[in-house]
Structures are given as C-alpha cells and as structure tokens.
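Asker: Dropping a prediction and its sequence here:
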Amino acid sequence: MRFSLRAATAVAMPAGFYVLLLGLAAGILVGEGLLLWNRPLTGLFLAVFAFSAFFALVGAVITIGRAQREDPVGVPVTAHDQPRLWDLVNRVAAVVGTRPPDEVRIVPVVNAAVSEQTRLLGLRVVRRRLYIGAPLLACLTEEQIASILAHELGHYGNRDTRLAGIVMSGRDAQLRVLKGLKGDNQARAVVAALIAEYTKLYLKVSSAVCRGQELAADVVSARVAGSVTAASALRELLVLGAAWDVFVERHLAVASAAGYLPNGVFDGFADLLGCDELADFLEEVRQGSGDREQDPYDSHPPTSERIAAVEALAAQPVRSWGGGPAAGLLVEPTRVLDASFASPTPVVRVDWAELGHLTVRARTAFAADRLLRAASRISGRPATLTAVLDALDAGRLVDLAPDGLRPGSASGGPRARREFARGFVEEDLTGLISLAHVDAGRARWRRDWIGDVEYVGVPPEHVDAAVADGGSTTALRAALAAAGIAPDYRPTA
C-alpha cells in the first residue's frame, strides 16, 4: 500500500503543478485588483511586477499544454531498411503487451530508451520513439538486446510500470518550465523560486517511484528474456559504459577535434574491449556491478541490487530470442553503426592503423604553427624552421614563448623571463623537430588503446643546447641536415 500511495502521489502531483500555476496566476490578478481598488498608488507601483509574473505563469501553462518538442538524435532506421531489427522490436513489444514504437533510432551511447512526445504532462501521447545505443548492437547478443528492449518497453506495458511515462513526463515538464523562467526579470525569478520548491518535492517523491518502476521493468526483462540473460545484460551495460567513456574521450573526441574519424568505429571499440591494458579495469567494473552511494534524486537503484533481484527470480525466457551477435540484426552493420557517430564538423575517414598517428600529428602541427608564427613575427621572414633557429641564435627565446604565458610582473627580471619561457619553447621546438622527422619518413607516432602516445624513430636531438643560455643551434642544424630535413621546412596541414 505504501508504494501505491507514493505512486498515486507522484501521478497526482503533475496535476497539482497545473493547479499551482493557475492558482498563483489567479492570486496575482486578485491581489493586484484589490490593491488597485483599495490602494491605487501602491497597485500602480506594483502593476509592472504583478503583470510580469502573471504572464510568466501563463507562459508556463502554455508550455505544459504544448506537445514537447524533441530534436531526435541518432540515425533513424525503418522496417524496410532493417527488417530483422524491427522484427525483434515488434516481437518484444507483443510479449511485453505494449504497442511498438513509431520510430527507431540508433544513437552513439551505451543506453537504450523509449521517449514519448506528449501533451498535458504526459497524459496524451503524440509519438513514441525507441533509441538503441550503437555500442549495444555492436557488442551484445540478440537475446541481451531483447532483454534491454523488454525493460524499456516494460515501462509502458506492465501494470506495475504503466504510469512511468506520466511520472517521467511530469518531471521533464516541470524542469522545462523552470528552464523557461530563467532570466534577469525579478518577477520571473520570484515565480521560479516558488515553483522550484514544488519541483524539488516532486523530484524526490517521483524518484522513489521511478526506482520501484525500474525494478518492475527488470522483472519484465527477466520474464521475457530469462534471468540469466537479464543479469548478464545489466553487467555488460556497466562494462560497455566504462569502456565507451575511455574510447570516446581518448580516441573519437581527439580524432574528431583533429578532423578525422575512423572507418569501422566499432571494430576499434571491440579491440579496446579486448586489450590487455584495460582488462583488469573492465573486469573490476563487471564484478563490482557499479556500486555507488545512492542519490535521493536518482531514478535508478544500484545495479548490484537490480542484478540480485533478477537473479532471485530464476525466470526462464518465454521464447528463444537468438544467441548470435546483435550486429547480425542489421543490414550493413558497419555502415549503419558508423553513421550513428556523426561529427559536428567535416572530418576525413581513415583506417585505425593511421588514426592515432594522424591525430597526434595534427595536434603537434597546431602547437608548432604557433612557434613558427612567433619566429616569423620576430624576423619578418617566412615562418620556417630556419626562422625559429635564427631567433634562438639571436637571443629571442622569450619572444618565442606564447604571448599569454610570458611573465608580466615588473619584478620579473631577464633571467626569470628566460627560465619561464624556456620550458614552453623547448616543448614546442621538440614537437616541431619530431614533426620534421615524421614528415621526412624517419619517424611516426603510435597511440595505444588507453591513449598513451609513443614516438618511434629518430629522436629530436640537441634541442636543449639550442634553448640554453649562451647555447647554439649549430649541432641541431647539422643533425637536421644529416636527416635530410630542408632548412625551410614548414609542416603542412
């Protein structure tokens, strides 16, 4: 009964949010009317504030009434293009007892979700979308995907979870209203503060309900795909999430920033999952099951609790869902999965064997370009390697340092300035010389799966002598000439 009362409260509170907004609006009008009648001057003085608050509240009510506008992400896949995937989705929906989605999209995240475009705080559904993470399709089995889909669709089909859409839509709508009330207007700020207190209470109540609904959806998942499969899917979601964070941060994001993306994104991800460098870390994640301190606003219970609950059911699958790789559900899986990871800027697609080298080269060339431009500014000559070396021989070390990093205090003497600049210039010059060796075919970079970079080839020698006080670039110039590097070398894009 306790859960039912809490659930009823969580469902009723969105309607209460409507009442709160309308009540505040009515109260403002009545209060302002009474002031104008009894204290006209005071009423006129407060009219601007009152009507600003009133229209803010009216706007909030209109915001709730409109259908939530959702900018869909990912790659849409139709039943015509991907019949096997849609067949699985439809079969799972039928077993769960809910209608299938109107749209399926593949997204570059380790997650799956059902999203409903709604009106009136989730009471009216306009469109249902299913999002499936590309890493899940690339790395899980068909039965694990069926388990995950059963969980997500279970929020809308099981009698214990059918109110999830209303609860989540209520949370989203209230947060949307608060976001719309942001601004410098004092009246809107007062209204937002009043609404925020109600929203905090709703989030706390609904979070407890959502956690119960997640456990109920896990029961649906276990009964559809079996407890063993449901538990394995929950464990692998943790592992894939941890690995995907490393993969995106240390490979895809770095490559995209340099203007590249790999062909066969998920071939690389599979290699990262199996690499020795991450094996212990990923196994620890798998066995630890993501235990963490529970946040009162968290909508999901700890994963360890969820796994224990589905294993305790010892449920058998209602039917066979197939044990093959989930990628087999797709026509041209490499193309479809790669398309899900789109860069916001134009990129060049390259093979994994070249990606690490090219991204490090691009980053090194960017730093070297700053040094070359500084040398050109000093000498008035073209920005070449010779211009940098000539500036060093002329004692212009400090002028080669990045502008924003030069010591600016009046107490900083010449020696302090040189010492401060030396480290920056030595690092950039080392990069420039390394780049020259790479472009001459005498070296290259390697990047391992945890993101560490190794320079392989002729080392950049004599840089320390070139930047030393009273130093000389003679030995460095001789070494460059012996390596066949032209004096007017300048890296190309």
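Answerer: Yes, it's here.

Asker: Tell me the spacing between residue 370 and residue 436.
Answerer: 16 Å (C-beta to C-beta, to the nearest Å). No exception for glycine: its C-beta is placed from N, CA and C like everyone else's.

Asker: Tell me which of the two has more neighbours.
Answerer: The residue with more neighbours, out of residue 370 and residue 436, is residue 436; 23 against 16, by other C-beta atoms under 10 Å.

Asker: Not counting its neighbours along the chain, what's nearest residue 282?
Answerer: Nearest non-adjacent residue to residue 282, counting by C-beta to C-beta, 6 or more residues apart in numbering: residue 239, 5.3 Å away.

Asker: Do a quick rundown of the helices in the stretch 151-300 of the chain.
Answerer: 164-180, 186-225, 227-247, 253-257, 265-273, 276-288 (DSSP state H, counting those that start in this stretch).

Asker: I'd like the mean pLDDT over the first one, please.
Answerer: This means helix 164-180. Regarding helix 164-180, the rounded mean pLDDT is 63.

Asker: Also stretch 146-153?
Answerer: On average, stretch 146-153 scores 96.

Asker: tell me how far that stretch is from the chain's mean position?
Answerer: How far stretch 146-153 lies from its chain's middle: 23 Å, per C-alpha atoms, centre = their mean, to the nearest Å.

Asker: What of stretch 349-359?
Answerer: Averaging C-alpha positions (C-alpha atoms, centre = their mean) puts stretch 349-359 22 Å from its chain's average.

Asker: how about it: buried residues?
Answerer: Neighbour counts over stretch 349-359 (16 or more other C-beta atoms under 10 Å) mark 350, 355, 356, 357, 358, 359 as buried.

Asker: Please look at the last one and residue 258 and confirm they touch.
Answerer: Yes: with contact taken as C-beta atoms under 8 Å, residue 359 and residue 258 are classed as touching, separated by 4.4 Å.

Asker: Okay, the most centrally placed residue in the chain and residue 258: tell me how far apart.
Answerer: Nearest to the mean C-alpha position of the chain, by C-alpha atoms, centre = their mean, lies residue 109 at 7.8 Å. Distance, residue 109 to residue 258, using C-beta to C-beta: 22 Å.

Asker: can you list the domain ranges for this structure.
Answerer: Following automatic domain parsing, one finds the domains of the chain at 75-160+207-282+298-345, 351-482.

Asker: quick one: low-confidence parts of this structure?
Answerer: For the chain, applying pLDDT under 70 flags the ranges 1-36, 40-72, 118-125, 158-192, 194, 198, 205-206, 289-299, 404-413, 493.

Asker: the strands in it, which residues?
Answerer: 75-77, 103-107, 112-119, 124-133, 260-262, 348-350, 443-447, 453-457 (DSSP state E).

Asker: Quick check: which of those strands is nearest to residue 207?
Answerer: strand 112-119 (17.2 Å; C-beta to C-beta).

Asker: Tell me the helices and strands packed up against the closest one.
Answerer: In terms of contacts (3 or more C-beta pairs under 8 Å, 6 or more residues apart in numbering; DSSP states H and E), strand 112-119 is packed against strand 124-133, helix 142-157, helix 164-180.

Asker: Just the C-alphas of that strand, formatted as CSV.
Answerer: Coordinates of each C-alpha in strand 112-119 appear next as CSV, following Å, rounded to 0.1, in the frame of the first residue of the first chain:
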residue,chain,number,x,y,z
ALA,A,112,18.5,2.3,-24.8
ALA,A,113,15.4,4.4,-24.1
VAL,A,114,11.8,4.9,-25.1
SER,A,115,10.8,8.5,-25.5
GLU,A,116,7.3,9.8,-25.9
GLN,A,117,6.4,13.1,-27.3
THR,A,118,3.5,14.1,-25.2
ARG,A,119,1.0,16.8,-24.3
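
Asker: quick check: angle from that strand to helix 142-157?
Answerer: Using axes from the mean of the first three to the mean of the last three C-alpha atoms, to 10 degrees, the inter-axis angle of strand 112-119 relative to helix 142-157 is 20 degrees.

Asker: distance between strand 112-119 and the chain's centre?
Answerer: Counting by C-alpha atoms, centre = their mean, strand 112-119 comes out at 19 Å from the chain centroid.

Asker: Walk me through which strands it pairs with, and which way each runs.
Answerer: strand 124-133 (antiparallel) (DSSP bridges).

Asker: Buried residues, the partner strand. List them.
Answerer: Neighbour-count burial for strand 124-133 [16+ other C-beta under 10 Å]: 125, 128, 129, 130, 131, 132, 133.

Asker: Skipping its backbone neighbours, what lies nearest the second one in space?
Answerer: Pointing back at residue 128 there. Using C-beta to C-beta, 6+ apart, the nearest residue to residue 128 is residue 101, at 4.7 Å.

Asker: which residues does the one you found contact?
Answerer: Contacts for residue 101 were tallied using C-beta atoms under 8 Å, 6 or more residues apart in numbering; they are 89, 93, 114, 128, 129, 130.

Asker: coming back round to it: report the contact partners of the residue nearest to the centre of the chain.
Answerer: Residues in contact with residue 109 (C-beta under 8 Å, 6+ apart) are 133, 134, 135, 244.

Asker: quick one: it and residue 402, what's the gap?
Answerer: Applying C-beta to C-beta to residue 109 and residue 402 gives a distance of 37 Å.

Asker: Same question for residue 244.
Answerer: 34 Å.

Asker: higher neighbour count, these two?
Answerer: Per other C-beta under 10 Å, whichever of residue 244 and residue 402 has more neighbours is residue 244, with 23 against 14.

Asker: count of residues packed around the residue nearest to the more buried one when sequence neighbours are not counted?
Answerer: Closest residue to residue 244 apart from its sequence neighbours, by C-beta to C-beta, 6+ apart: residue 110 at 4.8 Å. The tally of other residues near residue 110 (other C-beta under 10 Å) stands at 22.

Asker: Go ahead and confirm residue 110 touches residue 237.
Answerer: Yes: Residue 110 lies in contact with residue 237 (C-beta under 8 Å); the separation is 6.4 Å.

Asker: residues shared between the contacts of the two?
Answerer: Shared contacts of residue 110 and residue 237, defined by C-beta under 8 Å, 6+ apart, comprise residue 136.

Asker: Name the residues of stretch 258-272 that are buried.
Answerer: Residues of stretch 258-272 classed as buried: 258-262, 264-270, 272 (neighbour count, 16+ other C-beta under 10 Å).

Asker: cool, and stretch 435-443?
Answerer: 435, 436, 437, 438, 439, 440, 443.

Asker: Can you get me the centre-to-centre distance for it and its chain?
Answerer: 35 Å.

Asker: Same check on stretch 265-282?
Answerer: With C-alpha atoms, centre = their mean as the basis, stretch 265-282 stands 19 Å off its chain's centre.

Asker: Show me the contact partners of it.
Answerer: Counting by C-beta under 8 Å, 6+ apart, 134-135, 138-139, 239-240, 242-244, 246-247, 251-252, 262, 327, 334, 337-338, 341, 352, 355, 448-450 sit against stretch 265-282.
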